[in-house]
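Q: Structure for the following, please:
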Amino acid sequence: MYLLDFETKSRRPIWHGHDNYFQDETADVLCLAYGDEDAEEPGVWWPGCGYDPEDLWEYAESGGLIGASYAAFDQGAWEYLCVEKYGFPVIHPDQWYCTQAQSRIAGLPSALDTSAQALRSEYRKSRRGEELIKIMCIPPFKHTPELLAELVEYCRQDWWVMRAVFKATPLLPQHLFRDYRVNEEINGRGVKIDLVMALCARSYADAEREEIAEQLQYVTAGAVEKPTQHVRFKNWLLACLEEDGCEDAIKLMVRYKKGEKKFSVDKRVRENMLADPVALKLDPALVEGLNMMDDAAGAAVAKYKRMAQLSCDEDDRVRGAMRFAGAPSTIRYSSLGLQFHNFRRDAFPLEDVMHYRAQMVAKETLTDPKTEKPVRIMDTLGKLIRGAIIPEDGKVFVVGDWSAVESRMTAWLARDEKKLKLFRDGGDPYLYAAEAVYGRSISAKDDPEERQIGKVLDLAAGFLGGPGALASMAVTYGVYIPEEDRKRLIDSWRMRHPRIVKFGKLLFATAMRAMHRAGTWCKADRVAYLFDGSALFCRLPDGKTVLRYPEARVEMTPAPWDKEQKIPAITALKAAFTKGRDDTEWPRHSLWRGLLLENVVQASCAILLRRIVAEFKEWCVFHVHDEVILEVVVKYAEAMKQKLREEMGRALNWCSDLPLVAEPVIMTRYGK
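A: Numbers count the residues shown, from 1 in each chain. Coordinates of the predicted model:
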């Protein structure tokens, strides 16, 4: 395989999307380093150097794979700039191979230098490179022979780092490489946004932040002047809570960092307090302050700005938003830039979206469509975010989402026949969980609150989470569960799901056995573990997909129930973490039974999703968790909905008895 690395320039920032970056009139290639993976030295080329990279051209025209770190960018440089300007040959998109995807599949960080650091490679990116990029790649584009020589050397160094990481990690298996290429095809199609709505929403958000700052000064009597003053807000809130004797609320703020007690008012703390302010005896002024800080933080609102930046100037479509294997431990997709995976769940129905859109376009005060009273701007904009994703004229979205797929997969892997029968009979797992809590029959119609408790409990305990996981999940769904009730609820779920608890224990015991029998596959029913002396591998039920935990080892760690007691645990490098400045090694995490169960379940569900995405790749525009979104001509929508229902309801050969259900819907805008 040939590996290559481009250095380019453009007036448009790269975070405005590849289309806008490369199609800008100032865009150009500065230099290129390339070479066979076994080359002693990389070749280098730059415009005006006096020669062509003919060996690279010949290799590309022969159909060979071309690898690059974040290949989508280098592919863009080749196709947008090099083919037209410098006579590079046109090559098939399927020839591009991403070394970052290879790193993620290996359980390592995605970014080139970060993965090299995790591998303790002798090759590292040059610090001078950041300075050169600011000078040469960003306006006003200073360019001298001396600077170019430095940039070429920096590009060569990047090639060496990429080659080192590429050599140190396993190649993408053929079936995953195929899925990666499908994902890139979908990325190339992109999804359209309602640019008018996005720009209006951004304008409302900017005005609201100014108003929040004024209100915050009033509510806090000047203690906090703007919502970016988190420390001042924390100190004001803590002082008020202490004065009012709100001990339960103060407990929510407590954090321990390296054994030292600290206080926080981060998003999770605010969510916990706002989940049930009455029970916590919070003064209305404190609730108002918390709401204002929450509104100002508005991560969902920032997505409108990203929409406007990332949408292509020519067709208002956002491309490149889906990241293949973005979650390394499960090979699940994640998203880039627009971050579809973080969209709020509590979206407005279509009629409300159109109501608020019309008000924003007319620059009117936003009012509730039912009560006609003014609404909280930031909260409303957050609930509207899905509605800003739209199909092309003459088309609609066909959206399919599996029903409780992770709960079904967990039951199937654990051979929990009682719960599988529940699914086959069309039962509701959340009612099933709630019945164990309340000791009686629960109905979705008559007991909506009890069912919601069952849902939160099933989602939190499904991967063997404890009271802490239950508290976090409750906040996510806006449910308040008193601390004294959490352990009882967890115990009730575990008593009703003994097979799942047993399977989680089996996974950990088998992984531990594999660690002591290097080179031997150890079976845990439908999955298996192997330790090769460095990494721990988990083979999934399909028989060909393998999860990888790098630099695994057994070590004694504090027990969750007693920090003074040490118990054996398996730890491995954690791709999502970043090494601290003073850390001597890469951060690690424990592979406890709940995490192993979660990884196996989510990775198995990801196999199902990749099959559906590949099956409908011609129409797929994006996908989120276990949901796939197709863009279809209106007259074919009903037929496509039926076809999608059939395919999502069909289990694969390796899980032929897994009960799957999906009820796709047709949408004129993306919603929930």
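Q: Mind pulling the model confidence for residue 151?
A: Model confidence at residue 151, given as pLDDT, is 96.
Q: My guess is it contacts residue 6. True?
A: No: the pair residue 151 / residue 6 is not scored as a contact, 11.2 Å apart, by C-beta atoms under 8 Å. The way it works is simple: take the backbone N, C-alpha and C, and place the C-beta from them, glycine included.
Q: Mutual contacts of these two, please.
A: Shared contacts of residue 151 and residue 6, defined by C-beta atoms under 8 Å, 6 or more residues apart in numbering, comprise residue 31.
Q: for the stretch 1-150 of the chain, what spans make up the strands?
A: For the stretch 1-150 of the chain, strands defined by DSSP state E, counting those that start in this stretch occupy the ranges 2-9, 28-36, 43-45, 66-68, 96-98.
Q: Average pLDDT for the last one, rounded please.
A: With pLDDT averaged residue by residue, strand 96-98 scores 97.
Q: cool, the second one as well?
A: With pLDDT averaged residue by residue, strand 28-36 scores 97.
Q: now do the third one
A: Averaging pLDDT along strand 43-45 gives 97.
Q: Make 37 the starting number, not 1.
A: OK, 37 is where the count begins now, so the last one is strand 79-81.
Q: Could you pull out the buried residues of stretch 529-540?
A: Of the residues in stretch 529-540, 529, 532-533, 535-537, 539-540 count as buried by neighbour count, 16 or more other C-beta atoms under 10 Å.
Q: contacts for it?
A: Applying C-beta under 8 Å, 6+ apart, the external contacts of stretch 529-540 come out as 446-447, 449-455, 468-469, 472-473, 493-494, 497-500, 560-561, 629-630, 632-633.
Q: Please identify the buried residues of the helix or strand residue 306 falls within?
A: According to DSSP states H and E, residue 306 maps onto helix 303-311. Within helix 303-311, the residues that count as buried by 16+ other C-beta under 10 Å are 305-311.
Q: Please apply the same query to stretch 212-223.
A: Judged by neighbour count using 16+ other C-beta under 10 Å, the buried positions of stretch 212-223 are 212-213, 215-223.
Q: Please pick the buried ones from the contacts of stretch 529-540.
A: Buried members of those, counted by 16+ other C-beta under 10 Å: 446-447, 449-450, 452, 455, 468-469, 472-473, 493-494, 497-500, 560, 629-630, 632-633.
Q: Narrow those residues to those in strands?
A: When the buried ones among the contacts of stretch 529-540 are checked against strands (DSSP state E), the matches are residue 560.
Q: Next up, identify which helix or strand the residue nearest to the spatial centre of the chain is on.
A: In the chain, the residue lying closest to the centroid (C-alpha atoms, centre = their mean) is residue 370, at 3.7 Å. Secondary structure assignment for residue 370, by DSSP H and E: strand 368-371.
Q: so how far is that strand off the chain centroid?
A: Its chain's C-alpha centre and that of strand 368-371 lie 5 Å apart, by C-alpha atoms, centre = their mean, to the nearest Å.
Q: That strand: partners in the sheet, and parallel or antiparallel?
A: Strand 368-371 pairs in its sheet with strand 358-363 (antiparallel), by DSSP bridges.
Q: Output the partner strand as CSV, nothing but the C-alphas.
A: Extracted C-alpha coordinates of strand 358-363, given in CSV (Å, rounded to 0.1, in the frame of the first residue of the first chain):
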residue,chain,number,x,y,z
MET,A,358,-20.3,10.3,9.9
ARG,A,359,-17.2,8.8,11.4
PHE,A,360,-16.7,5.0,10.9
ALA,A,361,-15.8,3.2,14.1
GLY,A,362,-15.8,6.4,16.0
ALA,A,363,-16.3,4.4,19.2
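Q: Now do residue 594 against residue 654, distance only.
A: 52 Å (C-beta to C-beta, to the nearest Å).
Q: quick revisit: residues in contact with the helix holding residue 306: which ones?
A: 285, 288-289, 316, 318, 322-323, 326-327, 329-330, 333, 507-508, 510-512, 514-516.
Q: swap in stretch 217-233?
A: Outside stretch 217-233, the residues within contact range by C-beta under 8 Å, 6+ apart are 107-108, 129-130, 132, 343-344, 347-348, 351-358, 360, 369, 393, 396-397, 420, 423-428, 646, 649-650, 653, 656-659, 665, 667, 705.
Q: quick one: terminal-to-terminal distance for it?
A: End-to-end distance for stretch 217-233, by C-alpha to C-alpha, to the nearest Å: 32 Å.
Q: give me the number of residues near the closest residue to residue 562 other than its chain neighbours?
A: Among residues not flanking residue 562 along the chain, residue 577 sits closest, at 4.3 Å (C-beta to C-beta, 6 or more residues apart in numbering). The tally of other residues near residue 577 (other C-beta atoms under 10 Å) stands at 20.
Q: right, and the secondary structure at residue 577 would be what?
A: With DSSP: H, G, I helix; E, B strand; the rest coil as the basis, the three-state label of residue 577 is coil.
Q: Let me have the strands of the stretch 37-186 of the chain in a markdown table, extended by mean neighbour count and distance to residue 382.
A: What follows is these, written out as a markdown table (neighbours: other C-beta atoms under 10 Å; distance: least, C-beta to C-beta, whole Å):
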| stretch | mean neighbour count | distance to residue 382 |
| --- | --- | --- |
| strand 38-45 | 23 | 41 |
| strand 64-72 | 22 | 46 |
| strand 79-81 | 19 | 52 |
| strand 102-104 | 23 | 40 |
| strand 132-134 | 23 | 35 |
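Q: what does the lowest-mean-pLDDT helix or strand in the chain contact?
A: In the chain, the helix or strand scored least confidently by mean pLDDT, DSSP states H and E is strand 290-293, which has a mean of 79. Residues outside strand 290-293 that contact it (C-beta under 8 Å, 6+ apart): 297-300.
Q: In strands, which of those fall?
A: Counting by DSSP E, the contacts of strand 290-293 place 297-299 in strands.
Q: Can you show me the strands along the stretch 337-486 of the chain?
A: Using DSSP E, counting those that start in this stretch, the strands found in the stretch 337-486 of the chain span residues 353-354, 358-363, 368-371, 425-426, 431-437.
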